[in-house]
Structures are given as structure tokens and as C-alpha cells.
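[1] got a structure for you, letters missing:
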């Protein structure tokens with residue numbers, strides 16, 4: 001199980017997450033911030049839980065590239 005969390009309000013729109021993990025992230029045309037696809041919002045924290053372990057590596061790269069450290073990636 002892979003758990004990815006995004007603090008969307010703090011996003012600066014650098015686009016690194018989209019470049020490194022396009023299956024999980026895309027940029028919003030409305031405000032230019034990152035969107036975690038298929039996520040659920042809980043008080044500004046957008047989270048997905050995926051049984052697909054193959055997404056872990058790219059999500060981790062996106063987390064490490066994020067200049068404002070708003071992406072969390074865990075593997076259970």
C-alpha cells in the first residue's frame with residue numbers, strides 16, 4: 001500500500017511533481033497549483049491510498065524534488 005499526501009495550499013506551482021510522477025499529479029488550470037489525482041481532501045491535506053506499489057518510486061522522486069516539502073510518501 002502506497003500513501004501519498006499533498007498540502008495543496010502551500011504549492012508554488014513548480015511542476016516538478018507532474019514531471020516526475022504524471023500518473024499521480026497534474027497542474028490545475030484554475031490556479032496553477034498541483035493536484036493529487038483521485039485524492040480525498042481532509043483539512044487541506046489531499047491523500048490517496050493505492051495498492052499499486054509501482055507508483056512508489058516516482059512519487060518518492062516527486063517528494064524529494066519538491067522545493068517546499070509539501071508531499072509525503074509512505075509505503076505500508
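    That came through, no problem. Not measured: the values here are computed from a predicted model.

[2] where do the helices sit along this protein?
    16-20, 56-65 (DSSP state H).

[3] mind putting those in CSV, mean pLDDT included?
    Listed next are these as CSV, based on pLDDT from 0 to 100:
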stretch, mean pLDDT
helix 16-20, 98
helix 56-65, 98
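
[4] Quick one: closest of the ones you listed to residue 2.
    Nearest to residue 2, of all the helices of the chain, is helix 56-65, at 4.8 Å by Cβ to Cβ. C-beta: built from backbone N, CA, C; applies to glycine.

[5] check contacts around the closest residue to residue 52 other than its chain neighbours.
    Among residues not flanking residue 52 along the chain, residue 2 sits closest, at 6.8 Å (Cβ to Cβ, 6 or more residues apart in numbering). If you count contacts by Cβ atoms under 8 Å, 6 or more residues apart in numbering, residue 2 has them with 49, 50, 51, 52, 53, 55, 56, 59, 73, 74, 75, 76.

[6] same check, this time on residue 7
    So residue 7 contacts 44, 45, 46, 70, 71 (Cβ under 8 Å, 6+ apart).

[7] Residue 25: which of the contacts of residue 2 is nearest?
    Distances from residue 25 to these, taken by Cβ to Cβ, are shortest for residue 59, at 8.7 Å.

[8] still on that earlier bit, can I get the helices of the chain in a markdown table with distance to residue 32 and mean neighbour count?
    Shown next, in a markdown table, are the helices of the chain (distance: least, Cβ to Cβ, whole Å; neighbours: other Cβ atoms under 10 Å):
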| stretch | distance to residue 32 | mean neighbour count |
| --- | --- | --- |
| helix 16-20 | 11 | 18 |
| helix 56-65 | 17 | 18 |
